[in-house]
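**Student:** The following comprises the amino acid sequence and a computationally predicted model.
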Amino acid sequence: MDEIITLLHRISIFGSINAFIIGIFLIVWKEFSKSKLFFGILLLLISITNIRNYLMHMQVLPKEWVMQTGFLHTTFWWPVLFYFFVFGKMGQDVYKQKIHYVLPILGLSFHFMISILGYHEHAFLKRIANIHSFLEGGSFLFYIIAWYKLLYKEKSTSSNIATKLIPVVTILSLYLISYPIVSILFVTAHDLLQPYWKQIFTFLSFYESFTIFLLALFGLTEIKALRVLFDNGQQKSPVQPIEVFLEQIESRKLYLNVDLTLENLAAELKTSSRVLSESINHFASLSFNKYINSLRIKTFQEYIKANRHKKFNIFGVAREAGFKSKATFNRVFKEFTGQTPSEYIKEIEKLD
């Protein structure tokens, strides 16, 4: 059994190192977005926690030191960061959600109190530790419900992003909920489960390894411009591939990607950002952003004529057409058509 646990810990540490590297990429990569920032920080914190646990298991770090190091206890932040990631993926301003900082700060404060004063030296702190475990479990459950509510709300407007996020939300939900369950059992039924703790921790190590690998893989899908590293950027003239690039953008509807940037579009088309930008300027006489937005506005208008707004709300249709932000959509639509989206819809409905 000890050999199995050691093997699983080694698999977990390998996944944690990969997650750590991918997390850094998401934070510092030039294809920056708020949602990527929060997911990158989440990967860093999970990987650091698991590396710490591995070093403690290998007796490189003393268990007493780990228990007393409150700044390494970051589990309260995990569900909040993932909530911000999901919220940001839906084009919302996560920085306005300041209320969500309260619970992790409270949990971290409890942990600091227990760490500094000593769990075993104060009967009162044992009660605080129990409260800490239940508070952690409650916060995880609250945010798991919040994630699924966000996904349900997103599905009522546009199903694409919600469908992509459901698997990773489910995997992370099962992973997070295991932490407080074990903590509560450890506090309330430690002696009763004494013969089974090794098997319980073996299973958790296995699922931990599985989860970290999947989160790291999902993080890779967020670095869509990573392939730019392998783009030699040696094409000198934009003239020859002009029609090919624009034809692919329009025929493959690449502009529907709400996270589209010049860099990740260039990577998708296997060219450099400079060549693609020059191609668009030369052929369409528009900047990259204006060209993409013109295609999205045209698609939105086609969707309205097909009565999609009767299935989703107006912004849901705009999301389907590739817009990530409601404010940006309203501004761009007015700029291109001289009308608000509502005015345009009323005009179309009169013609019908």
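**Tutor:** Structure received. Numbering: from 1, shown residues only.
**Student:** The one helix or strand in the chain whose mean pLDDT sits lowest: what's the following helix or strand?
**Tutor:** Ranked by mean pLDDT, DSSP states H and E, the weakest helix or strand in the chain is helix 63-68, scoring a mean of 60. Where DSSP states H and E defines the elements, the next helix or strand beyond helix 63-68 is helix 77-89.
**Student:** Now do the one helix or strand residue 345 maps to: which elements does it pack against?
**Tutor:** Residue 345 is part of helix 341-351 when elements are defined by DSSP H and E. Using 3 or more CB pairs under 8 Å, 6 or more residues apart in numbering; DSSP states H and E as the contact test, the elements touching helix 341-351 are helix 288-305, helix 314-320, helix 326-337. For glycine as for every other residue, the C-beta is placed from the backbone atoms N, C-alpha and C.
**Student:** Quick check: buried residues in it?
**Tutor:** By neighbour count with 16 or more other CB atoms under 10 Å, helix 341-351 contains the buried residues 341, 344, 345.
**Student:** quick revisit: so which of the helices and strands packed on helix 341-351 is the most surrounded?
**Tutor:** Comparing those by mean neighbour count (mean count of other CB atoms under 10 Å), helix 314-320 comes out on top with a mean of 23.
**Student:** Mind giving me the packing neighbours of that one?
**Tutor:** helix 159-188, helix 288-305, helix 326-337, helix 341-351.
**Student:** can you state the direction angle for the shortest one and helix 326-337?
**Tutor:** Computed with axes from the mean of the first three to the mean of the last three CA atoms, to 10 degrees, the direction of helix 341-351 lies at 50 degrees from that of helix 326-337.
**Student:** Repeat that for the first one.
**Tutor:** Angle between the axes of helix 159-188 and helix 326-337 is 170 degrees (criterion: the same axes, to 10 degrees).
**Student:** Just the buried residues of stretch 135-153, please?
**Tutor:** Buried residues in stretch 135-153 (16+ other CB under 10 Å): 135, 136, 137, 139, 140, 143, 144, 146, 147, 148, 150, 151.
**Student:** Show me what the helix or strand hosting residue 18 packs onto, helices and strands only.
**Tutor:** In this structure, residue 18 is located in helix 2-28 according to DSSP H and E. If contacts are counted by 3+ CB pairs under 8 Å, 6+ apart, helix 2-28 sits against helix 34-57, helix 197-222.
**Student:** Could you tell me how far the one helix or strand residue 265 maps to lies from the centre of the chain?
**Tutor:** Using DSSP H and E, residue 265 falls within helix 262-268. Relative to its chain's centre, helix 262-268 lies at 20 Å (CA atoms, centre = their mean, to the nearest Å).
**Student:** for the record, mean pLDDT for that helix?
**Tutor:** Throughout helix 262-268, pLDDT has a mean value of 87.
**Student:** just checking, what packs against it?
**Tutor:** Right, helix 262-268 is packed against helix 273-284 by 3+ CB pairs under 8 Å, 6+ apart.
**Student:** in the helix it packs on, what counts as buried?
**Tutor:** So, applying 16+ other CB under 10 Å, buried residues of helix 273-284: 273, 275, 276, 277, 278, 279, 280, 284.
**Student:** per-residue pLDDT, the closest residue to the fourth one other than its chain neighbours?
**Tutor:** When you say that, I think you mean residue 277. Leaving out its chain neighbours, the residue that sits closest to residue 277 by CB to CB, 6 or more residues apart in numbering is residue 288, at 5.6 Å. If you check residue 288, the pLDDT there is 88.
**Student:** Ok, the one 10 residues further on next?
**Tutor:** Here the pLDDT value assigned to residue 298 is 92.
**Student:** Same check on residue 301?
**Tutor:** On the pLDDT scale, residue 301 gets 92.
**Student:** cool, residue 88 as well?
**Tutor:** The per-residue pLDDT of residue 88 was computed as 73.
**Student:** residues near it, how many?
**Tutor:** 21 (other CB atoms under 10 Å).
**Student:** same deal with residue 193?
**Tutor:** When neighbours are counted by other CB under 10 Å, residue 193 comes out with 14.
**Student:** Next, find the distance separating it from residue 174.
**Tutor:** To residue 174, residue 193 is 20 Å away according to CB to CB, to the nearest Å.
**Student:** What of residue 76?
**Tutor:** In terms of CB to CB, residue 76 sits 18 Å off from residue 174.
**Student:** Which of the helices and strands packed on helix 2-28 has the lowest mean pLDDT?
**Tutor:** Among the helices and strands packed on helix 2-28, helix 197-222 scores lowest, at a mean of 77.
**Student:** what's the angle from it to helix 34-57?
**Tutor:** Using the same axes, to 10 degrees: helix 197-222 against helix 34-57 is 150 degrees.
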